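*Asks:* Please find the sequence and the predicted model below.
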Amino acid sequence: MYHFFVSPDQIDKAGKTVTIVGTDVNHIKNVLRMRPGEEIAVSNGEDTNEYRCAIRSLSDDHIDCELRFIKEDNVELPSKIYLFQGLPKSDKMETVIQKTVELGVCEIIPVNMVRSIVKLDEKKIASRVLRWQQIAESAAKQSKRAIIPHVHEPVSFKEALKLAQNMDVKLIPYEMAEGMEHTRNIVNGITPGQSVGFIIGPEGGIDDTELDLAKNAGFECITLGKRILRTETAGMTLMSILMYHLEKD
């Protein structure tokens, strides 16, 4: 079943109607070629409900749907997880966004780090972030998330630490960290409802100065195993570990 996002005011629970506007209209009408009577699911990005609807009519600027029932299964993780991703080169950031959104990340904060090869042109940042946000939305639709995770504009390393200062748990994978038992103890200590932030370095890894700053800011070093992971693999790995630990049902 196809899944779309609408704003809360586009769902009329009392009148049992849902109205879809914007770019999804063309996608539903001309790309998917859906017709009246076909069912879709929508989320409003605020609550965790899934609204099951049937298309009633299609026009050039909106689609009217009948709200049939509300599915209250909570598809979101019980903790908000924030990924601070060191800017990678090429299209790796797009892969990171797509896969971590599928795994349940809450927000993604790109970080300019000492060993980041990519240095984004100020004139191109807005268009790049727009592209990243579109990828997050597409991944959220595909994985039937209840929210669209927010992708921030790139920040400095010190700004990233400031954004993370009030998070309950702060992690930083590092190849010289203590063994897996130490990491298991830290992960097992995370309880549902706690906010979790973690930093993933770019291709060149995390600079020693950045590592010291992160430790002083309360980040705990953990290991992701004995093998060295690519930057686009490390975030997915830690998200998978956190999902497995937090998702009890």
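*Replies:* Looks like it came in fine. Residues are numbered from 1 along each chain as shown.
*Asks:* Look up how far K92 lies from G37.
*Replies:* Relative to K92, G37 is positioned 42 Å away (Cβ to Cβ, to the nearest Å). (Glycine included, C-beta is placed from N, CA and C.)
*Asks:* what about the two, which has more around it?
*Replies:* Remark: of G37 and K92, K92 carries more neighbours, 18 against 9, as counted by other Cβ atoms under 10 Å.
*Asks:* so the more buried one sits right up against A234, yeah?
*Replies:* No: counting by Cβ atoms under 8 Å, K92 stays clear of A234, with 11.1 Å between them.
*Asks:* Next secondary structure after the helix or strand harbouring A41?
*Replies:* Here A41 sits within strand 39-43, counting by DSSP states H and E. Reading on from strand 39-43 to the C-terminus, the next helix or strand found by DSSP H and E is strand 50-58.
*Asks:* tell me which strands and helices the longest helix belonging to the chain is in contact with?
*Replies:* As assigned by DSSP state H, the longest helix anywhere in the chain is helix 122-142. Contacting helix 122-142 under the criterion 3 or more Cβ pairs under 8 Å, 6 or more residues apart in numbering; DSSP states H and E are the following elements: strand 3-5, helix 92-103, strand 107-112, strand 150-151.
*Asks:* pLDDT (mean, whole number) over the longest one?
*Replies:* It refers to helix 92-103. Mean pLDDT, helix 92-103: 96.
*Asks:* same thing with the shortest one?
*Replies:* On average, the pLDDT along strand 150-151 is 96.
*Asks:* Would you mind pulling the contact partners of it?
*Replies:* I97, E107, I108, P110, V129, W132, Q133, A136 (Cβ atoms under 8 Å, 6 or more residues apart in numbering).
*Asks:* Tell me which other helices or strands the helix or strand following it touches.
*Replies:* Beyond strand 150-151 on the C-terminal side, the first helix or strand identified by DSSP H and E is strand 155-156. Judged by 3+ Cβ pairs under 8 Å, 6+ apart, strand 155-156 is in contact with strand 107-112.
*Asks:* Give me the angle between the strand it packs on and helix 92-103.
*Replies:* Angle, strand 107-112 to helix 92-103, by axes from the mean of the first three to the mean of the last three Cα atoms, to 10 degrees: 160 degrees.
*Asks:* doesn't L120 make contact with L87?
*Replies:* Yes: using Cβ under 8 Å, L87 is in contact with L120, at 7.2 Å.
*Asks:* how far does stretch 227-234 stretch from start to finish?
*Replies:* 11 Å (Cα to Cα, to the nearest Å).
*Asks:* Buried residues, that stretch. List them.
*Replies:* Across stretch 227-234, burial judged by 16 or more other Cβ atoms under 10 Å covers L229, T231, E232, T233, A234.
*Asks:* Name the residues that touch that stretch?
*Replies:* With contact meaning Cβ under 8 Å, 6+ apart, stretch 227-234 is reached by 85-86, 88, 92, 95-96, 99, 173, 175, 200-203, 224, 237.
*Asks:* rerun at 7 Å
*Replies:* Residues outside stretch 227-234 that contact it (Cβ atoms under 7 Å, 6 or more residues apart in numbering): 86, 88, 92, 95-96, 173, 175, 200-203, 224, 237.
*Asks:* Assess the claim that I172 and C221 are in contact.
*Replies:* Yes: assessed by Cβ atoms under 7 Å, I172 is found in contact with C221 at 5.7 Å.
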